[in-house]
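*Asks:* What follows is a predicted structure for the sequence shown.
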Amino acid sequence: GLSQSDAVKEQIEQSRMGILVAAVFQDYVEKEGVAEADLKAAYESVKSQYTGKEYHVEHILVEKEADAKAITAQLKAGANFEDLAKAKSKDPGSAPTGGDLGWVSEKSLVPEFSKAMVQLKKGQITDKPVKTQFGWHIIKMDDVRDVKAPPMEEIKDQLKQMIASDQNWQKAKFTEMMQKLRAKA
């Protein structure tokens, strides 16, 4: 008989009203959307996080230092880096593409690799193999560029989610909704 208690009935009604209010607010947000000004402000704050450099590198990974030194000697004698990577590298992710790791940041790689990588100039190959937990690397620097933020259009959905989950934005939007409802009433 607890469901007949006045206190329980009141709590059930409060929960029901809370669910309805949340549904009305969700509907309002979906119809109104995120203002362009809010999107631009969020994009500007996110854009500042894109700093530093990105490196386009290739590598050949082998288990033994002697193998790495032999490959380095072959490269100095004019061998093709990509061909050697396809034939000798034990990195299953990059060997088929000639050792290409694509564009990476120094923070995304193990420290020993990054330290050697950032010292290379465009087109340069490491003089000595670099030891990491994975084995011995011969690294080739293809290119370096400044990190650029993606265009706003490309990350618009993530920005909207970021804004919509901000509690201050939710409070302001809820206040705006309540003012519009009162004005219509």
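*Replies:* Cool, the structure landed. Remember, it's a predicted structure, so these values are computed and weren't measured experimentally.
*Asks:* where exactly do the helices run in this structure?
*Replies:* With DSSP state H applied, the chain shows helices at 6-32, 36-47, 65-76, 81-88, 111-117, 156-164, 167-184, listed in chain order.
*Asks:* Could you dump these into TSV and include mean pLDDT and mean neighbour count?
*Replies:* Every residue, glycine included, has its C-beta placed from N, CA and C. Compiled in TSV, the helices of the chain are given as follows (pLDDT from 0 to 100; neighbours: other CB atoms under 10 Å):
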stretch	mean pLDDT	mean neighbour count
helix 6-32	91	11
helix 36-47	87	14
helix 65-76	95	16
helix 81-88	95	17
helix 111-117	95	18
helix 156-164	86	15
helix 167-184	90	12
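*Asks:* would TSV of those with distance to Val57 be doable?
*Replies:* Written out in TSV, the entries for the helices of the chain read as follows (distance: least, CB to CB, whole Å):
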stretch	distance to Val57
helix 6-32	44
helix 36-47	25
helix 65-76	15
helix 81-88	11
helix 111-117	6
helix 156-164	27
helix 167-184	40
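*Asks:* between the ones you listed, which gets nearest to Ala149?
*Replies:* Taking CB to CB as the criterion, Ala149 comes closest to helix 36-47 out of the helices of the chain, the separation being 4.2 Å.
*Asks:* Give me the helices and strands touching that closest one, please.
*Replies:* helix 156-164 (3 or more CB pairs under 8 Å, 6 or more residues apart in numbering; DSSP states H and E).
*Asks:* Could I get the contacting residues of the closest residue to Asp143 other than its chain neighbours?
*Replies:* Residue nearest to Asp143 in three dimensions, not counting chain neighbours: His56, with 4.2 Å by CB to CB, 6 or more residues apart in numbering. Neighbour list for His56: 101-104, 141-145 [criterion: CB atoms under 8 Å, 6 or more residues apart in numbering].
*Asks:* Out of those, flag the one nearest to Lys31.
*Replies:* When those are ranked by distance to Lys31 (CB to CB), Trp103 comes first, at 39.6 Å.
*Asks:* what is the closest residue to that closest one other than its chain neighbours paired to in the beta sheet?
*Replies:* When the adjacent residues along the chain are set aside, Trp103 lies closest to Glu54, with 4.7 Å between them (CB to CB, 6+ apart). Listed by DSSP bridges, the beta-bridge partners for Glu54 are Arg145.
*Asks:* Tell me who's in contact with Glu54.
*Replies:* Taking CB under 8 Å, 6+ apart as the criterion, Glu54 is in contact with 103-105, 144-147.
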